[in-house]
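1. Attaching a predicted model along with its sequence, questions to come.
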Amino acid sequence: MAYGKKQMLTATFAILAGAAFPALHPGVALADDLPPGVTIAAKDGFAPPQGLGAFQAMTFVIDIAPGAGFPAHSHPGRSQVMIVKGDLTEDKPGGQKKVYHAGDAFMEEPDQVHSVSNKGSEPVRLVWTLLLPDGKQPIIPHKD
């Protein structure tokens, strides 16, 4: 699913607002509980896959320089990525390739092998939220 820049920033606020305003829960619309002048134009949430068990929700802001990236890897839990700036290229086994631009968001399923890189000339900044099963590492390297 792709978001426009305004929606992405608003969705980011919605995530942050959950921490600042405990009454806000991703699955519940509580428009009456928002501070004056604040609206949520878009929201999204995701649940852990069945059988995931105990997990931590972790969020990272990652900068990727031009020419840099993560080689083939997977994640043991479901994650969501939002591109804040730049263009991120994701490659999957079998030759599938997708370029995500600032304002785009996408979901990664557990154990999905992929690599990501910045093939552009500008830095990429992304926000990565991972539901990490207890006792697991966030990134599992794979051989190409």
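-> Received, thanks.

2. Please make it C-alpha for all contacts and neighbour counts, starting now.
-> OK.

3. So which residues of this protein form strands?
-> 55-64, 69-74, 79-85, 87-91, 97-101, 105-108, 114-117, 124-133, 140-141 (DSSP state E).

4. Using TSV, lay out these together with mean neighbour count.
-> Below are these laid out as TSV (neighbours: other CA atoms under 10 Å):
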stretch	mean neighbour count
strand 55-64	14
strand 69-74	18
strand 79-85	21
strand 87-91	20
strand 97-101	15
strand 105-108	16
strand 114-117	20
strand 124-133	21
strand 140-141	14
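
5. Could you list the low-pLDDT ranges of this structure?
-> By pLDDT under 70, the low-scoring segments of the chain are 1-35, 37-49, 52, 144.

6. can the strands of the chain go into CSV with extra columns for distance to residue 36?
-> Listed next are the strands of the chain as CSV, based on distance: least, CA to CA, whole Å:
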stretch, distance to residue 36
strand 55-64, 27
strand 69-74, 41
strand 79-85, 26
strand 87-91, 35
strand 97-101, 32
strand 105-108, 28
strand 114-117, 40
strand 124-133, 27
strand 140-141, 44
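
7. Distance-wise, check residue 58 relative to residue 99.
-> 24 Å (CA to CA, to the nearest Å).

8. same deal with residue 138?
-> In terms of CA to CA, residue 138 sits 23 Å off from residue 99.

9. do the same with residue 72
-> 16 Å.

10. All good on my end, thank you.
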